[in-house]
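1. got a predicted structure here, sequence first:
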Amino acid sequence: MTPVLVAGHHRSGTSLLAQLLVEAGLFMGDRLMGATEANPHGHVEDLDVVEIHNQILADNGLTWQVDEEFIPVVNPDLEERIRALVELRRKQGRAWGVKDPRICLFLPLWKHIVPNARILITFRSPAASVDSMERRAARDLLERRGDPEQNWRFWTEPDHGARLWLVHNRALVRAARAYGDDVLVVDFDQLADDADVIAKLDKHWDLGLDHVRPAEVFDNSAVTAASRVLQVGDDGLAREIEDVWAELVELRS
């Protein structure tokens, strides 16, 4: 069975896309991250995968808030854990996938281990994505959830959210350019507008999934409105973001 890697920056529609795929018949794991206030319908993230990715980041002195380019050093034991997970999925003999925003940073690793993997990318406007991250961090600070030091970074480090968006989405552009027909790119607005993503998948990859439209799983109440313009203090950073956004739009299916 051909695996599907669902990749997108935090707060960019990966959960909605993964929920759609589950409804269409794609297996996303036995031990999934549960719902939260910021994501009331569940993250659809395999906790084994999240733990592996978090450990790779920790080994490189990082958290999930990666806002600078880096080349990950991967412990062979963690690579072997990914191989074991992939082998288990293969033995189960059904269509399967993986979703975790952190996977944006590790797509070359996954493609090295699973060369036949397909990559389904979703992206969202910088303003909306950053606004959503900041809202979540503010809510977590108010309700004393998570790591307060990490949450405060959105206000104590200039352009932190913008740099997060840039690093992850630039990695997605690199993957799309590198892996060609193994990559399909959609955006958050297409999902919100009920675009027939499953039909696109079947046309490109013939996965044999059930026909389900985003409107059947999309919850407008879980989406907050945001300005269409991201306020960035660094002009050079703003230009880089504009360039990556234009490339994503060009790559969109």
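-> Good, I have the coordinates.
2. show the contacting residues for the closest residue to Asp181 other than its chain neighbours.
-> Residue nearest to Asp181 in three dimensions, not counting chain neighbours: His204, with 7.4 Å by C-beta to C-beta, 6 or more residues apart in numbering. Just so you know, the C-beta spots here come from the backbone N, C-alpha and C atoms, and that holds for glycine as well. His204 makes contact with Asp181, Leu184, Ser253, according to C-beta atoms under 8 Å, 6 or more residues apart in numbering.
3. which of those are buried?
-> Leu184, Ser253 (16 or more other C-beta atoms under 10 Å).
4. what's the separation between His160 and Arg144?
-> His160 is 21 Å from Arg144, where distance means C-beta to C-beta, to the nearest Å.
5. what about those two, which has more around it?
-> Per other C-beta atoms under 10 Å, whichever of His160 and Arg144 has more neighbours is His160, with 19 against 7.
6. that one and Gln150 touch, don't they?
-> No. With contact defined as C-beta atoms under 8 Å, His160 and Gln150 do not form a contacting pair (10.2 Å).
7. common neighbours of the two, please.
-> Common neighbours of His160 and Gln150 (C-beta under 8 Å, 6+ apart) are Gln65.
8. just to revisit the earlier point, what about the residue nearest to Asp181, helix or strand, and which?
-> helix 197-205 (DSSP states H and E).
9. so Val186: helix, strand or coil?
-> strand (DSSP: H, G, I helix; E, B strand; the rest coil).
10. tell me, how many neighbours does it end up with?
-> 22.
11. okay but it is in contact with Leu16, surely?
-> No. Using C-beta under 8 Å, Val186 is not in contact with Leu16, being 10.5 Å away.
12. quick check: phi and psi on the nearest residue to Trp64 once chain neighbours are set aside?
-> Of all residues not flanking Trp64 in the chain, Arg102 sits nearest, at 6.1 Å (C-beta to C-beta, 6+ apart). Backbone torsions for Arg102, taken as degrees, to the nearest 10, come to phi -60, psi -20.
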